[in-house]
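Q: Turn this into a structure:
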Amino acid sequence: MLYGTLTEFCTEQSCSVMSAGPKYEYHWADGQVIKKPIKCSAPRYIDYLMNWVQSQIESDSIFPSAIGVPFSKNFLSIAKTILKRLFRVYAHIYYEHFHQVIQLQEEAHLNTSFKHFIYFVQEFDLVEKKELAPLQDLIDKLTGK
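A: Here you go, the predicted model:
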């Protein structure tokens with residue numbers, strides 16, 4: 001993901017809160033190790049998120065790797081949570097780091113990646129519209145709505 005190119009700009013000091021502008025702040029909870037949502041920096045939130053997503057994807061009980069093994073009953077719910085939280089990374093990048101994305105000449109890559117992400121989650125109704133609110137204007141522009 002493109003976030004890796006921004007880690008020198010997205011630090012504990014510069015991004016002390018995981019946010020998407022002044023109206024949206026995200027707190028971390030994984031329901032297992034961290035049960036109650038905690039306020040944390042953007043890099044810490046994203047680190048928690050990427051490790052959590054990896055553990056979900058590597059779990060054979062959620063994402064079975066053997067042919068013929070059914071997906072768990074809560075697969076769709078877990079997939080939706082993964083995608084909702086990944087959206088928050090896009091929102092943070094667009095709000096807090098887009099000027100660095102432009103400096104690095106990565107805006108076409110970011111926009112293309114985000115557009116594919118949005119088309120996918122919209123096609124299969126995987127992220128609630130209210131969760132997309134921080135970037136709704138951009139989504140409308142990119143999707144021609």
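Q: Name all residues that make contact with the residue nearest the centre of the chain.
A: The residue lying closest to the centre of the chain (CA atoms, centre = their mean) is residue 86, at 1.4 Å. The contact partners of residue 86, taken as CB atoms under 8 Å, 6 or more residues apart in numbering, are 49, 53, 117. Glycine gets a C-beta too; all of them are placed from N, C-alpha and C.
Q: Same check on residue 126?
A: Here residue 126 is in contact with 79-80, 83, 120 (CB under 8 Å, 6+ apart).
Q: that older thread, so which of the contacts of residue 86 comes closest to residue 92?
A: Residue 92 lies nearest to residue 49 out of the contacts of residue 86, by CB to CB, at 10.5 Å.
Q: and the closest one, what element?
A: helix 42-58 (DSSP states H and E).
Q: what sits up against that helix?
A: 3, 7, 10-12, 15-19, 26, 28, 30, 34, 40, 62-63, 78, 82, 85-86, 88-89, 92, 96.
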